[in-house]
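>>> Next input, structure requested:
(one chain, ligands or ions: 1)
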Amino acid sequence: MTQLYPMQEKYGHFYGGEWHAPVNGRYFDEYNPSTGAKLASFARGDEDDVNLAVQSAVEGYKAWYALDGATRGRTLMKLAQLLRDNKEALAYWESVDTGKPLAIATHEVLGCATTIEYTAGMADKIFGTVIPDGNNSLSFTTREPYGVTAHITPWNGPLTIASRGLASALAAGNSMVIKVAEHTNITTLELARLCMEAGMPAGVVNVVTGYGNEAGSALVNHPDVRKIAFTGSVQTGQNIMKAAAERIVPVLLELGGKSPNIVFEDADLQAAAIASLRGFVLNSGQVCAAGTRLLAQRSIVDELAATIGTAAKQVKIGDGLDNPTIGPVISEKQLQRIQHYIQVGQDEGAELVCGGNRLTDGAYANGFFVEPTVFKNVSNAMTIAREEIFGPVLSIIPFDTEEEAIALANETEFGLVSAVWTTNIHRALRVAKRIEAGQVYINDYLPRGSESRPFGGYKKSGIGREGGVDGIYEFTQLKSIVIK
Ligand code: NAD
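The predicted model follows:
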């Protein structure tokens, strides 16, 4: 295949402002999930590479925090502009790496620029407070960076998640080492390279590639890492938290979800159906905030299921570069996991409205494509309603009363995102208040403007918040200063 924006054949790590071959000389290959074609080889990092990258970050931190906030902000603004200037190439690489549609990848690159711009403006506005402590003294607080922060990112939105962490950590004056997910390395490496072009001191942003149990684990356990931000599965989040507990290092965890869209019979059903469809097929369902449980009032279940089912059958599935509605899922392993859940749904008695199949004919033959799948008459106790599938699978669950809807929404170990669809504002606010989730949308689902809002979960969906002003504060620690 001729690449529109060619890749190098082999990529090293990027730290200290330069490319570095892996100390152990080992590489691993990465493939395009739309076609199965090899894209490039990437350094398979381990403890030796991590030690060097963290050493660079220690130096980078000194140089970065020595700058005043306004200078850091201006540098971040330059980085955001570079993302905008390079949006075609970055979106292309993100698309071939993850399989996501090119238009969505482009939208995401621009979203990364917006997030960085938002926090850049905050870099010189990280205030403390003056405290009336009642003594004959002046007490005040300052917010200081941690130093070297570690960022372990997943494959579903590599550039988006790396940029979100970068924006907050760097605005607050930290340096960072990123360990990218093994399936999707290129755009994060390019981001680090663009940081140098923007004029950041060497070592402020460093990227190590490789496997979780090698490079990832070495990074989490490094004694100079002072804060860990992780996005990914609950299981890995738990392992990272345990490792962090050994050194009492704070963690920011962005984990899974089983997010409910609650639709009452007085809602705008057309709008609810469109948003619900988008909510579970976006990125082929590989989104922690995917709306995978549709709680529908019993009188409207059939109408909603029919509308969503009809629209789901029209979803264009294809190679990300051809700009379909959805691309493939990330890997054969992920596809098999999704197919397993679809089978379990049928075995446990859920009614299949549409989808359920892997696509293998013609252009689909070498990729990992699965149809959007809708189940109705699902009970909240079924496996497909309880576990995060991370694929385009929707469970429609009926309810009768407001009280029951709230109970069902909260009957999950997760609490990331939720939505309430109703034209009754009193009900909307009553329900929003009682849902145990980090975000509640009313008559909408994942609208624009995410850079300004804190995002994160209740319960097993995570700890801490990214985005907005609160997201920057996550990368600061408070100091009280008292003057007698
Ligand atoms: P994962 O959680 O294992 O991987 C995410 C990141 O953590 C990767 O960079 C990986 O290399 C790293 N990692 C793995 N083990 C590590 C360790 N011991 N120490 C440090 N870093 C480590 O996720 P996965 O295996 O790629 O996907 C499995 C499932 O996780 C998916 O099916 C999905 O349900 C879920 N997932 C959720 C999200 C999300 O955004 N919430 C993202 C990706 C995957």
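>>> Residues of the chain that sit close to the ligand?
Neighbours of the ligand within the chain, by Cβ under 6 Å from any ligand atom: 152-156, 179, 181-182, 211-213, 216-217, 220, 231-233, 236, 239-240, 255-256, 288, 334, 337, 388, 390. C-beta here means a position set from N, CA and C on the backbone, and glycine is covered the same way.
>>> What about those, which are in helices?
217, 220, 236, 239, 240, 334, 337 (DSSP state H).
>>> Could you work out the most separated pair of those residues?
Taking every pair in those and measuring Cβ to Cβ, the maximum separation is 24.5 Å, between 220 and 337.
>>> Just want the residue of the stretch 251-400 of the chain that's nearest the ligand.
Nearest residue of the stretch 251-400 of the chain to the ligand, counting by Cβ to the nearest ligand atom: residue 288, 3.1 Å away.
>>> how far away is that residue from residue 256?
Distance of residue 288 to residue 256, computed by Cβ to Cβ, to the nearest Å: 6 Å.
>>> More neighbours: residue 220 and residue 337, which one.
Using other Cβ atoms under 10 Å as the criterion, residue 220 and residue 337 rank with residue 220 on top: 26 against 14.
>>> list the contacts for that one?
Contacts for residue 220 (Cβ atoms under 8 Å, 6 or more residues apart in numbering) come out as 150, 152, 228, 240, 243, 244.
>>> give me the number of residues near the closest residue to the residue of the stretch 251-400 of the chain closest to the ligand other than its chain neighbours?
Leaving aside its chain neighbours, residue 288 sits nearest to residue 257 (5.1 Å; criterion: Cβ to Cβ, 6 or more residues apart in numbering). Counted with other Cβ under 10 Å, the neighbours of residue 257 add up to 29.
>>> Isn't residue 257 up against residue 461?
Yes. Counting by Cβ atoms under 8 Å, residue 461 is a contact partner of residue 257 at 5.4 Å.
>>> Find the residues that touch each one of the two.
Common neighbours of residue 257 and residue 461, using Cβ under 8 Å, 6+ apart, are 288, 414, 415, 416.
>>> Serialize those residues to JSON lines and add fields for secondary structure and neighbour count.
Shown next, in JSON lines, are the shared contacts of residue 257 and residue 461 (DSSP: H, G, I helix; E, B strand; the rest coil; neighbours: other Cβ atoms under 10 Å):
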{"residue": "288", "secondary structure": "coil", "neighbour count": "25"}
{"residue": "414", "secondary structure": "coil", "neighbour count": "27"}
{"residue": "415", "secondary structure": "coil", "neighbour count": "23"}
{"residue": "416", "secondary structure": "coil", "neighbour count": "27"}
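>>> Nearest the geometric middle of the chain, what residue?
Using Cα atoms, centre = their mean, the residue of the chain that lies closest to the mean C-alpha position is residue 161, 4.9 Å off.
>>> quick one: that one is in a helix?
Yes. Assigned with DSSP: H, G, I helix; E, B strand; the rest coil, residue 161 falls within a helix.
>>> thinking again about what came up before, so what's the residue nearest to residue 288 up against?
288, 289, 290, 292, 388, 414, 415, 416, 417, 457, 461.
>>> Is it correct that the second one is in contact with residue 446?
Read it as residue 289. Yes. Contact criterion Cβ under 8 Å: residue 289 and residue 446 qualify, at 6.0 Å.
>>> Which of these two has more residues huddled nearby?
residue 289 (23 against 19).
>>> for that one, phi and psi?
Per-residue torsions, residue 289: phi -90, psi 10 (degrees, to the nearest 10).
>>> Now the residue lying closest to it once chain neighbours are set aside, what are its backbone angles?
Leaving aside its sequence neighbours, residue 289 sits nearest to residue 417 (Cβ to Cβ, 6+ apart; 4.3 Å). Backbone torsions of residue 417, given as degrees, to the nearest 10, read phi -130, psi 160.
>>> Local confidence estimate at residue 417?
According to the prediction, residue 417 has pLDDT 97.
>>> CA atoms only for stretch 239-257, dumped as CSV, please.
C-alpha atoms of stretch 239-257 as CSV (Å, rounded to 0.1, in the frame of the first residue of the first chain):
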residue,chain,number,x,y,z
ASN,A,239,-2.3,-3.6,39.3
ILE,A,240,-1.0,-0.1,38.9
MET,A,241,-2.7,1.1,42.0
LYS,A,242,-1.1,-1.8,44.0
ALA,A,243,2.3,-0.9,42.6
ALA,A,244,1.8,2.8,43.4
ALA,A,245,0.8,1.9,46.9
GLU,A,246,4.2,0.4,47.5
ARG,A,247,5.8,3.9,47.1
ILE,A,248,2.7,6.0,48.2
VAL,A,249,2.5,7.6,44.7
PRO,A,250,-0.9,9.2,43.8
VAL,A,251,-2.8,7.7,40.9
LEU,A,252,-5.3,9.2,38.4
LEU,A,253,-7.3,6.3,37.0
GLU,A,254,-9.6,6.5,34.0
LEU,A,255,-11.1,3.1,33.7
GLY,A,256,-14.2,1.4,32.2
GLY,A,257,-17.9,2.1,32.1
